[in-house]
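*Asks:* Here is my input; please provide its structure:
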Amino acid sequence: IFPTVLRGTCLGVTTIFGTIGYLTAPYITAL
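*Replies:* Numbers count the residues shown, from 1 in each chain. Got it, this is the predicted structure:
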């Protein structure tokens, strides 16, 4: 069950960073 939890955590982190990157991309590009 541990690999499943680890995979879920990695997926969650990737989703969070992906969302942050998607939201901050316009500001970074504007600079």
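
*Asks:* where does the spatially most central residue of the chain land on pLDDT?
*Replies:* Among the residues of the chain, residue 17 comes closest to the average C-alpha position under CA atoms, centre = their mean, at 2.4 Å. With respect to pLDDT, residue 17 scores 94.

*Asks:* likewise residue 2?
*Replies:* Residue 2 carries a pLDDT value of 79.

*Asks:* tell me the contacts of it?
*Replies:* By CB atoms under 8 Å, 6 or more residues apart in numbering, no residues touch residue 2. In this view, the C-beta of every residue, glycine as well, is placed from N, C-alpha and C.

*Asks:* Can you give me the distance of it to residue 12?
*Replies:* To residue 12, residue 2 is 15 Å away according to CB to CB, to the nearest Å.

*Asks:* Can you pull the phi/psi pair for the residue nearest to the centre of the chain?
*Replies:* In terms of degrees, to the nearest 10, the main-chain angles of residue 17 are phi -60, psi -40.

*Asks:* Any stretches of the chain with poor pLDDT?
*Replies:* Residues of the chain that meet the criterion pLDDT under 70 lie in 1.

*Asks:* what about the helices in it?
*Replies:* Along the chain, the stretches classed as helices by DSSP state H are 2-30.

*Asks:* mind listing what residue 12 touches?
*Replies:* Going by CB under 8 Å, 6+ apart, the list of residues near residue 12 is empty.

*Asks:* do you know how far residue 25 is from residue 16?
*Replies:* 15 Å.

*Asks:* Number of residues surrounding residue 5?
*Replies:* As a burial measure, residue 5 scores 9 neighbours (other CB atoms under 10 Å).
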